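Participant: Generate coordinates for the sequence data below:
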Amino acid sequence: MIPKSFIQDLLNRLDIVDVIERYVPLKKAGANYVACCPFHNEKSPSFTVSQSKQFYHCFGCGAHGTAIGFVMEHAGMGFVEAVEELARGIGLTVPQEQSNAVQHKVAPDLYALMQAATRYYREQLKVSPRAIEYLKKRGLSGEVAARFGIGYAPDDWQNLKAAVPDYQDKSLVETGLVIAGDDGKRYDRFRDRIMFPIVNVRGQVIGFGGRVLDKGEPKYLNSPETALFEKGHELYGLFQAQKAIRARQCVIVVEGYMDAVALAQHGVEYAVATLGTATTPYHVQKLLRLCDQIVFCFDGDKPGQKAAWRALQNALPQLQDGKRIGFLFLPEEHDPDTYIREYGREAFEHEVDNSLPLSGYLLRELAAAVDLRAQEGRSALLKNAQPLLTAITAPTTALLLRKEVAALAGVTQAELEALWAIRPVAVPQRQMPQRVRRSGPSGLRAMLRCLVMKPELARQIPPAWQGDGADGAAIAALADWLRESADETSSAALIQHFQGTVHENALAAVQGEILHLGQDFDVETEFAGILHHLRREAIETELSALQGKGLGGMSGEERARHEALHAQLRQIKATSN
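Facilitator: Below you'll find the predicted structure:
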C-alpha cells in the first residue's frame, strides 16, 4: 500500500495544469484554465481546471478530480499506476507500507528486452513471404500491421539469439520469451507464429500473443504471468484504441487478437481483446473509466456463451448507474473478423448499437433456466438470482433488477429483500437524535463549499454538529477525517481522499460552484458567518426546548442553564450588530 502521507505530498508538489497539458491543450480564462473536455465530445470548452485549488471539473459531463484522477481517467490506469507515473515525472520514488502482499519491482532493462524482441519479430515478418501472405489473406494492410507492431517468430528453436547480446541472460526467462528446460537447455517460447505485442497504457511492450499460421495447438499462445505482465489486468489493443474509445464513448471487447486488429482494419478502432483469460472485474473497472458503454462481442457457440456469462458475473460489482454494458452474439458461423469482412463496418456497428443490455441478458438467462409456470421454478429463480443481484452496488440498477426478478417470481420487492435478508436499496432515513438544530440545505452547501476551498476550517466545527442530506454527511465525514489528521491538508488531497466514496458527488457539486467564485471571495469570513449562525441556531433550539417546560417545570440545574443560554444569546446578538 502507498502511504497516505505520500499521496498528499505528491499532490502538493504537482501542478495540475502541467499534468493535464501533457494530454490536453489548456487556455487561460480568468483565474482558471479551460479546454474542450477530453472525456466527451463538445464544441465549446466546458472543461475547467483550477490551478489554485488543484482540481478539474467539466460542466458538460461532470468529470472531476485531481491530477491523479485525471491520469487514471485519461490513460485508463489504476490508482497505483497513476501515482507511480506522476511520481516518476517529478523524480519521486513511491514508498510502500508493509503488507502481506509480495511487491514486484520491474527492472527497466526488462522493457528494453521486450522492445528488442518486438523489433526482431517485425524484421522477421518482412522477410517471411509465408507470414506476409497469411496476413494478406486475413485482409490486413501493412499500415495496420505496423500500427499494432505485428511480427513473426520463425520456425526455429533459438531465434532470439540474433536479437539479444546474451541468450543465457536470466531476463529472457523472467519475461517469458525463453523457456529453460530441466536439462538446462533453452529454447524460444514462440516459434512459427504471428506475433502480437501486448502493450500497456504507457506504450511499453509487456508481453506477446502468438498465433499459429496453419492448424496447430494452441491456436493462441500467450506470454506467461511475469513481473511485467498480468493477464487479468491488461487488454490487447487498449493503447492503440484509447483515442477512438473516448471519441465514441464505447468499447467493444472481443476474444481474439485478430478480431481486434480486423475490426481496426475496417474502421472500428474502438475494440480490445482479452488475453486468453475471462473478462475480470479489473477489466470492466478500467474500461468504465474510459467510456460510458462496454459491448462484449462473443461468438454464438457454447464457448462464446460461457465467456459472455462469466463476463456478466464479473461486471456486476462494477456496474455504474448511467453507464451501459451490452452483449452482442454473432451467428455461430461467424466471429467479429469474419462478420465485418463479409458484411462491412456499417452492418457490424448496427449490431453493436442494438446489442442486448446486460439487464436483458441477465433476466433472459435466469428465466430460461427454470420453469416459471411452476412454484419450484420460481423458487429456483430466486435462488439463482440472489448471488447475482446482491453483487450489484449501483443503486438504480439494483433497484430495477430486484423489481423485475420479484415480478418474474410472483413476489413483491419487499418480500424478495426480506427473503434474501438484504437491506432495501431505498431506505427511509431514521431521524437522528437532535443535539443541535440542523442547518438548512443552502447553508450546508455554502459550508461544504468553504471546506473544499480551505479544508483546515473543518477543525472549527463543533463535535456535536450534525447536518441533513448528502451535504451534511459529507461535512461530517470531512470534519472527522481532519480531526484524525495532525497535518494540514489541501483541496486536492481532500478531493482525492473522498474519491470513490459516497461523498464524492456532493464534493463534485461544490467544485463546480467554486470555479465560478471570484478571486476576491473571502472564504474565512464566509465560514465564520456560517459558524456564527450555526451557534445561534443551536442556542435558540436548546432554549426553546427548556422554555417548553416552563420555569416551574425546570430543575435548578435547568434554570441555571436557561439563564446561561440567554446570556450567550445576548452576547451573540450584540456582536452581530
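
Participant: give me the element Val49 is part of.
Facilitator: Assigned by DSSP states H and E, Val49 belongs to strand 47-50.

Participant: Which elements pack onto that strand?
Facilitator: helix 16-21, strand 32-35, strand 55-58 (3 or more CB pairs under 8 Å, 6 or more residues apart in numbering; DSSP states H and E). No exception for glycine: its C-beta is placed from N, CA and C like everyone else's.

Participant: in the stretch 451-577 of the chain, which ranges drop under the pLDDT threshold?
Facilitator: 464-466, 485-488, 575-577 (pLDDT under 70).

Participant: Could you chop the chain up by domain?
Facilitator: 4-89, 108-229, 233-362, 369-419, 441-576 (automatic domain parsing).

Participant: would CSV of those with mean neighbour count and distance to Gln96 be doable?
Facilitator: Shown next, in CSV, are these (neighbours: other CB atoms under 10 Å; distance: least, CB to CB, whole Å):
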stretch, mean neighbour count, distance to Gln96
domain 4-89, 18, 9
domain 108-229, 17, 15
domain 233-362, 20, 18
domain 369-419, 16, 28
domain 441-576, 16, 18
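
Participant: need these in TSV with distance to Val425, can you?
Facilitator: Formatted as TSV, the domains of the chain follow (distance: least, CB to CB, whole Å):
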stretch	distance to Val425
domain 4-89	22
domain 108-229	35
domain 233-362	11
domain 369-419	4
domain 441-576	14
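
Participant: weakest of the ones you listed in terms of mean pLDDT?
Facilitator: Looking at the domains of the chain, the lowest mean pLDDT belongs to domain 441-576 (a mean of 80).

Participant: any chance you could map the helices in the stretch 451-577 of the chain?
Facilitator: Using DSSP state H, counting those that start in this stretch, the helices of the stretch 451-577 of the chain run over 469-484, 491-497, 504-514, 523-547, 556-576.

Participant: can you list contacts of the second one?
Facilitator: Same thing as helix 491-497. Contacts to helix 491-497, defined as CB atoms under 8 Å, 6 or more residues apart in numbering, come from residues 4, 7-8, 11-12, 16, 53-55, 64-69, 451-455, 478, 481, 507, 511.

Participant: and if we set it to 6 Å?
Facilitator: Helix 491-497 is contacted by residues 8, 11, 53-55, 66, 68, 452, 455 when judged by CB atoms under 6 Å, 6 or more residues apart in numbering.

Participant: Looking at those, which is nearest Arg570?
Facilitator: For the contacts of helix 491-497, the minimum distance to Arg570 (CB to CB) is 33.5 Å, reached by Pro455.

Participant: so what's that closest one up against?
Facilitator: Counted by CB under 6 Å, 6+ apart, Pro455 has contacts 489, 494.

Participant: Swap in 7 Å and give it another go.
Facilitator: Shown in contact with Pro455 (CB atoms under 7 Å, 6 or more residues apart in numbering): 478, 482, 489, 491, 494.

Participant: what do you get for Gln124?
Facilitator: 151-154.

Participant: for the residues you listed, which one is nearest Gln571?
Facilitator: Gly151 (81.3 Å).

Participant: what pairs with the closest one across the strands?
Facilitator: Met195 (DSSP bridges).

Participant: That one and Glu123, how far apart?
Facilitator: Using CB to CB, to the nearest Å, one gets 8 Å for the distance from Gly151 to Glu123.

Participant: same question, Gly237
Facilitator: Distance of Gly237 to Glu123, computed by CB to CB: 22 Å.

Participant: in its sheet, what does whichever strand or helix holds Val295 sit against?
Facilitator: Assigned by DSSP H and E, Val295 falls within strand 293-298. According to DSSP bridges, strand 293-298 forms sheet pairs with strand 250-254 (parallel), strand 324-329 (parallel).

Participant: Gly203: what's it in contact with?
Facilitator: Gly203 neighbours (CB under 7 Å, 6+ apart): Phe239.

Participant: In which helix or strand does Ala227 reside?
Facilitator: Counting by DSSP H and E, Ala227 is found in no helix or strand.

Participant: Show me the helices in the stretch 151-300 of the chain, by range?
Facilitator: Taking DSSP H, counting those that start in this stretch, the helices of the stretch 151-300 of the chain run over residues 170-174, 238-248, 257-265, 281-288.
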